[in-house]
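In: Whatever this is, show me its structure:
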Amino acid sequence: WSAHFTRIGTLVMILHDCADHLLELAKLFRYASYRKTCDAVFVIFSIVWVITRCGFYPTWILYSTLYDAAGFIEFFPAYYIFNSLLVTLQLLHILWTYFLFKAIHKALTSGGVDDQRSDSEPSEDEDENENDLKKDN
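Out: Numbering: from 1, shown residues only. Coordinates of the predicted model:
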């Protein structure tokens, strides 16, 4: 607030929200068993993801905080911390984009991607039953 980074923070949030809603919509269609609609929304999500997080974010937001900010503010310790966090976020965008492309490649070559995560955590009773079965074997 005191460093006048509110505008940049707001832009980062808006830029991230552009793709996030599409991913949630794709999940909704997948859970509702509308496979073709899910795939179409996922394609749109992927395009928006790459444009916003690998295009707009580094060229507009990151560039302006790293280079253009020198003409508007005096540098101080929080400025360097702030920019290091924004650069770390860009590194995460690159990593997540790699995983996105990897999932797209897998979907195209093998015909689909299944979510291997569990919908719920196992209860203590289920854990005990699994341990008992392992002991019996």
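In: Would you mark the buried spots in the longest helix along the chain?
Out: Assignment by DSSP state H gives helix 77-110 as the longest helix of the chain. Under the neighbour-count criterion of 16 or more other C-beta atoms under 10 Å, helix 77-110 has 79, 82-83, 86, 89, 93, 100 buried. From N, CA and C alone the C-beta is placed, and that goes for glycine too.
In: any idea how far it is from the chain center?
Out: 7 Å (C-alpha atoms, centre = their mean, to the nearest Å).
In: Just name the closest of the buried residues of helix 77-110 to residue 40, please.
Out: residue 100 (16.1 Å; C-beta to C-beta).
In: re earlier: same for the longest helix of the chain, what does it pack against?
Out: Contact here means 3 or more C-beta pairs under 8 Å, 6 or more residues apart in numbering; DSSP states H and E; on that basis helix 77-110 packs against helix 6-31, helix 35-51, helix 63-66.
In: got a markdown table for the ones you listed, with distance to residue 104 and mean neighbour count too?
Out: What follows is those, written out as a markdown table (distance: least, C-beta to C-beta, whole Å; neighbours: other C-beta atoms under 10 Å):
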| stretch | distance to residue 104 | mean neighbour count |
| --- | --- | --- |
| helix 6-31 | 12 | 14 |
| helix 35-51 | 6 | 16 |
| helix 63-66 | 28 | 15 |
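In: And those: which comes nearest residue 106?
Out: Nearest to residue 106, of the helices and strands packed on helix 77-110 and by C-beta to C-beta, is helix 35-51 at 12.7 Å.
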